[in-house]
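[1] Sharing a sequence plus its predicted fold:
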Amino acid sequence: MGVNEGEIAVRLRIRGRVQGVWFRGWTAENARALGLRGWVRNRRDGSVEVLLAGPGPAVEAMVAQCHDGPPAARVNHVGREPVTEVVADGFDQRPTF
């Protein structure tokens, strides 16, 4: 499924102490609770990459949450770019890329 009318999709690149602190599981749990589609994965450079798609307010709420992350995380930077690619249903944790 692509991005529907009234929806937005963004890709985040989150840097800081974001691996080994349950960031992926936390992201998936919170994104699913907000009804979002997309995925989350660790990157080999130590960052976490997230693709979010859904209603604008829900996406923006998740982006705001990613600026803090789970309790053990320390987020230094959240890069953001718009996405036009097809985003499948559901929200997955993907392997490290």
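    Nice, I can see it.
[2] Give the buried residues for the lengthiest strand in the chain.
    Ranked by residue count, the top strand of the chain under DSSP state E comes out as strand 7-17. For strand 7-17, the neighbour count (16 or more other Cβ atoms under 10 Å) marks 7-12, 14-16 as buried. Quick note: C-beta positions are derived from backbone N, CA and C, even for glycine.
[3] Which of these scores worst on pLDDT?
    Lowest in pLDDT among the buried residues of strand 7-17 is residue 7, which has 92.
[4] now that residue: how far from residue 56?
    7 Å (Cβ to Cβ, to the nearest Å).
[5] returning to that earlier point: reformat the buried residues of strand 7-17 as CSV; add distance to residue 48.
    CSV is the format used below for the buried residues of strand 7-17 (distance: Cβ to Cβ, whole Å):
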residue, distance to residue 48
7, 22
8, 20
9, 17
10, 14
11, 11
12, 8
14, 5
15, 8
16, 9
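[6] Just flag the most distant two among those.
    7 and 16 (28.1 Å; Cβ to Cβ).
[7] The longest strand of the chain - contacts with which helices or strands?
    Counting contacts by 3 or more Cβ pairs under 8 Å, 6 or more residues apart in numbering; DSSP states H and E, strand 7-17 packs against strand 48-55, helix 56-66, strand 74-82.
[8] Pick the most deeply packed of those.
    strand 48-55 (a mean of 23; mean count of other Cβ atoms under 10 Å).
[9] what packs against that strand?
    Secondary-structure packing of strand 48-55 (3+ Cβ pairs under 8 Å, 6+ apart): strand 7-17, helix 23-33, strand 37-42, helix 56-66.
[10] follow-up on the earlier one: could you tell me which strands the longest strand of the chain is paired with, and in which direction each runs?
    Sheet partners assigned to strand 7-17 using DSSP bridges are listed as strand 48-55 (antiparallel), strand 74-82 (antiparallel).
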